[in-house]
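Turn this into a model:
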Amino acid sequence: MLPKLFFLPLLLTSCFLIAQSTPLEVEDILSDEYRPKRLEAIRSLKNGFQYTTLSVDRKEQKATLYLHHFAGKQPKRSLVQTDTLAGIPFFTNYSFSKNETKLLLETKAEPIYRRSKRAIYWVYDRQTKKAEELFPNPIQEPLLSPNGQFAAFVYQRNLYVKNLQNNRVQKITQDGSFDIINGITDWVYEEEFGFVRAFDWSPDSSHLVYMRFDESNVPIFSMDVYGKSTYPYPYAFRYPKAGEKNSVVQLFVYELENGNQHEISLGNESPYYIPRIKYVGGQYGLLVQTLNRHQNHLKLWKVNPMQNKAEVLLEEKDAAYVSIQDQYQFLKDGTFLWLSERDGFNHIYHYDSNGKLLSQLTKGNWEVTDIYGLNEKSQELYYQSVENGSIGRGVFALKLNNKKKRNLGRTEGSNGATFSADKSYFIHSYSDEKTPPQYAVYQTKSGKKVKDLIANNALQKRVEAQHLPQREFSTIKINGETLNMYLLKPNNFDPNKKYPVLLYQYSGPGSQQVSNRWGGTRDFWHKLLTQKDIIVACVDGRGTGFKGAAFKKATYLNLVKYETLDQIAFAKALAEMPFVDPARIGIWGWSFGGHMASHCLLTGNDVFALGIAVAPVTNWRFYDTIYTERFMRTPQENPSGYDLNSPLNYADQLKGKYLIIHGSGDDNVHVQNTMRMVEALIQADKQFEWMLYPDKNHGIYGGNTQKHLYTKMTNFILENL
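Alright, predicted model coming up:
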């Protein structure tokens, strides 16, 4: 009887492991079961000891804004929640007025482009606990005034202000049209400078500063929307491709009390780009960043809109390009902190109120990636950097005077922080290849953990039960550079076996794919491929980020040239490994990575047997001004840089299997890129496969789309690699 007693538990355990080890399916990696829980929309309140988070249940159409305490055992409580009987609708986003007396609740949001949307907004009064609709029609980018008495917003490209005391609505501008935009950005500013709202309130709520875009000379791009009607219809918008004209941008100020408004001048200059405007309060007033067209000369202006005075606080210049800055802090003593690459790496500099450099606060062959702010009482600065290694992120505290440094996170993996308003507490976020996102509250001064918030234990157990492989991080010497890389091997890896290899990369300027953090859908898809006996490999070549300005800017004027050479060299190095089948090496990528996959497959046709390009650029002449010219200048100035690095010119070199995928409604990388590539391949008498997703944008999602996309790529790889 004894053997039977032991045999039964062993049999059950074995069956359990087999059941839990069933291969991943595409449906799995797209399901909620493989998405980690996160703290959504964290806002630290001014009192320094509380913060808010948003919980949204789209299926049940319920939302709750929770109020939490950084410390103590007080349970979270609802600040506002969906209550149709009380007139509070289902909302999906929120923002406070600066004095925190009112909330804007976003409902019925409809996306326009990557960041822009129209929605119905409600104003919730925290004292009366009532919500009122801000405007009856969908509007864009509403912003409560600092005193909570007004709300500004954009409707049909005109700027409006509503007095929340008497509900009076004023139309501030009158000329909004297909050619003129007031208060929000045009397409290329939104995509490449990363913002939509182009206005800001003065700290005393007395006036608004806004940007006006004249797009009348920007060429029009049109794409068909197929929809479900009998006839498709054209969707037209202004899109400046490389070398074409951009919008003419102006700054205006509007005074609420008397309705006066005038244009703001920046000395005698007419800046080509105005990528940032922001009120910071105190003696600085309005700060404006400007750039020339080559984007290698940035100026930070201190502006008094009412007196129409402006002076330059500092300038950044570079032989290649400079970056606009969101990572700066203005301190109570009138000084300010600024990030710059001027010594070859991104570091923090301390300036006085007149823009005179006081000191460089951080230094070394590593980069600062975020400034969290200064504790004015302790004079301790908090920031994020890659000083523990370029594939991770660390959180640090640094004294302004003696520069004593503390590590506030782990030494490996990806650390982040959200600080309380007074910097006495912070929410530490952490993940690495093996650990899904974790959140915990820490006391800043002592560095001690106060409490855990989210651990994602269920997800970790699910993944561990699946016996999924882990990315193996290392470095490789290629073309004179030490590059970060990883290998993802099958769980039952046999070093005596020959495996096919799929390279994944993005490769764009300043990007990073080799990163020790918890992965997303694409990472799980790569692990799915390993269960089918495929090795997935990745290397961040020249031009990628977080290894210094020289490394990042090595590709200047020649996008894709050196990146391609690095991927080909990486593939050749892999081919020499005893467990790699050199005849079965493929490469894939999305967007910039799709351009790279195409270019590598064609120009490295003796190395790559397969390539998949999703939403690829195929010639930089087809892409927008701001992004492309930052790295390439204009086609008129640099024609060879554009054409010698375009896969369109190498279609006749196709030998391997090629799959090209695009969404027909891609407003970002137009389907024109794929159509031109397809035509070049046809005329070169080359066979290939391609797939168009009707009306889908650059992300290619919606309904069953992602399942279809990943299934198609999986099948193509299994059949051809």
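
quick one: contacts of stretch 128-140?
Contacts to stretch 128-140, defined as Cβ atoms under 8 Å, 6 or more residues apart in numbering, come from residues 80, 86-89, 104-105, 108, 110, 116-125, 142, 151, 153-155, 160, 162, 167, 169, 184, 196. Where you see a C-beta, it was placed from the backbone N, CA and C, and this is true even at glycine.

Give the helix, strand or coil label for the closest residue to residue 378 other than its chain neighbours.
Distances taken as Cβ to Cβ, 6 or more residues apart in numbering place residue 445 nearest to residue 378, at 7.4 Å, with adjacent residues excluded. On the three-state scheme (DSSP: H, G, I helix; E, B strand; the rest coil), residue 445 is labelled coil.

any idea how far residue 445 is from residue 401?
Per Cβ to Cβ, to the nearest Å, residue 445 is found 17 Å from residue 401.

Compare these two (neighbour count), which wins?
residue 445 (14 against 8; other Cβ atoms under 10 Å).

Quick check, that one in contact with residue 423.
No. The criterion here is Cβ atoms under 8 Å, and residue 445 misses it with residue 423 at 9.3 Å.

Spit out the residues that contact those two alike.
Common neighbours of residue 445 and residue 423 (Cβ under 8 Å, 6+ apart) are residue 378.

Domain-wise, how is the protein divided?
The chain breaks down into these structural domains: 38-112, 175-318, 327-455, 460-720 (assignment by automatic domain parsing).

residues making contact with stretch 631-648?
242-243, 294, 321, 509, 555-561, 564, 595, 598-599, 602-603, 616, 618-621, 649, 676-677, 680.

circling back to that earlier point, could you dump the domains of the chain to JSON lines with distance to residue 136?
Output for the domains of the chain, formatted as JSON lines (distance: least, Cβ to Cβ, whole Å):
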{"stretch": "domain 38-112", "distance to residue 136": "12"}
{"stretch": "domain 175-318", "distance to residue 136": "18"}
{"stretch": "domain 327-455", "distance to residue 136": "35"}
{"stretch": "domain 460-720", "distance to residue 136": "28"}
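
List the buried residues of stretch 691-701.
691, 693, 695, 696, 697, 698, 700 (16 or more other Cβ atoms under 10 Å).

and the residue lying closest to the third one once chain neighbours are set aside, what are its phi and psi?
This means residue 695. Closest residue to residue 695 apart from its sequence neighbours, by Cβ to Cβ, 6+ apart: residue 665 at 4.2 Å. Dihedral pair for residue 665: phi -100, psi 30, per degrees, to the nearest 10.

Residue 665 against residue 697, yeah?
Yes. Counting by Cβ under 8 Å, residue 665 touches residue 697, with 5.4 Å between them.

Can you read off the pLDDT for the residue nearest to residue 25 when sequence neighbours are not counted?
In space, and not counting its chain neighbours, residue 25 is closest to residue 528: 7.6 Å by Cβ to Cβ, 6+ apart. At residue 528, the model reports a pLDDT of 97.

ok so residue 528 is a helix residue?
Yes. Counting by three-state DSSP, residue 528 is found in a helix.

coming back round to it: show me which of the buried residues of stretch 691-701 is closest to residue 341.
residue 698 (28.5 Å; Cβ to Cβ).
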